[in-house]
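Fold the following and give me the result.
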Amino acid sequence: MRSGLTIGEFARATHLSVRTLRRYHESGLLEPAAVDPSSGYRYYALEQIPSAQVIHRLRELDVPLADVGKIIATDDPDRRADLVAVHLERLQETLERTRAAVTSLQRLLEPAAGDLEIELRSEPATLVAGVTDILSLDEVLPWYGGAMAELDAAVAQPVGPPGGHYDDELFAEGRGTVLVYYPVAEAPSHGRVRPVELPAVELAATIHHGPHDDIDVTYGRLATWVHEHALAVAGPVQETYSVGPRDDADPAAWRTGIAWPVFRVG
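Residues are numbered from 1 along each chain as shown. I've put the predicted structure just below:
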């Protein structure tokens with residue numbers, strides 16, 4: 001007389017396919033309670049159903065098999081919670097990237113009515129307190145937070161909103177020079193913060209409204225305008241963070257100036 005559930009019965013009880021249960025057995029993730037030595041049939045205990053259901057849920061969240069094994073193997077609730085939290089953080093990052101891509105795609109497929117307001121303007125030479133580094137695209141956001149914290153500590157009275165300059169190589173090659181700064185009357189030297197003289201420049205400039213998820217669409221529309229007006233880009237992309245996450249928690253309120261140094265092509 002057999003004891004426990006056959007693999008087919010266990011599959012129905014747990015919504016894990018027979019093929020999946022065999023793979024989990026072979027990997028040591030979920031071994032049967034017993035294996036008939038003559039037939040090789042696998043039998044599972046009723047007490048294994050909760051573990052199988054946990055494994056099912058973790059795999060639905062794309063937790064790697066190795067991590068699932070660690071979560072199932074530990075009896076320490078704190079350790080288990082830590083392991084799950086690590087993956088949930090990765091999952092949240094993935095969801096944020098997906099949300100940003102969807103927002104950008106929706107704007108591309110359903111462009112906002114009306115023309116983007118773009119102006120040509122002359123900017124005089126400007127003294128700023130800045131932090132600069134050579135970074136990859138993936139490094140810019142985490143680096144930005146630390147750089148701005150240093151600027152906040154070093155600059156007591158900026159004379160304008162923070163800004164950033166991003167070299168062409170950052171976008172074309174994936175790595176390039178980044179400068180973030182505050183305009184100042186007198187620039188301090190403190191830690192990584194140094195005085196920088198930004199040269200006078202002619203700019204094609206616009207304002208991106210709202211969150212940065214679809215800022216690439218505004219970049220594209222500005223690039224189209226520059227090309228249609230027979231202008232060439234001659235320097236790093238400039239951004240000005242008039243209103244951002246540091247000023248307002250509502251992304252709809254954010255305002256980001258985007259400007260390209262330009263000159264007219266003959």
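
Report the contact partners of the residue sitting nearest the centre point of the chain.
Nearest residue to the geometric centre of the chain (CA atoms, centre = their mean): R97, 5.4 Å. Not one residue lies near R97 by CB atoms under 8 Å, 6 or more residues apart in numbering. Where you see a C-beta, it was placed from the backbone N, CA and C, and this is true even at glycine.

That one belongs to a helix?
Yes. Judged by DSSP: H, G, I helix; E, B strand; the rest coil, R97 forms part of a helix.

Run through this protein and note the low-pLDDT ranges.
1-3, 104, 106-115, 265-266 (pLDDT under 70).

try it again with 50
1 (pLDDT under 50).

for it, what spans make up the helices?
All helices of the chain, identified by DSSP state H, fall at 7-14, 18-27, 49-60, 65-73, 77-109, 137-154, 168-172, 215-228.

Tell me which of these sits nearest to Q238.
helix 215-228 (11.4 Å; CB to CB).

on that earlier part again, and the residue nearest to the centre of the chain, how far from L135?
For R97, the distance to L135 (CB to CB, to the nearest Å) stands at 19 Å.

can you check Y44 too?
52 Å.

what do you get for R42?
With CB to CB as the criterion, R42 and L135 are 53 Å apart.

Now P236. Nearest residue, chain neighbours left out?
Of all residues not flanking P236 in the chain, H165 sits nearest, at 4.3 Å (CB to CB, 6 or more residues apart in numbering).

give the contact list for that neighbour.
H165 neighbours (CB under 8 Å, 6+ apart): T177, V178, L179, Y181, L198, P236, V237, Q238, E239.

gap between the two ends of stretch 68-79?
13 Å (CA to CA, to the nearest Å).

just to revisit the earlier point, put the buried members of the contacts of H165 into a ChimeraX selection.
With 16 or more other CB atoms under 10 Å as the criterion, this ChimeraX line picks the buried residues out of the contacts of H165:
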select :178,179,181,198,236,237,238,239
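
That concludes my questions; thank you for your assistance.
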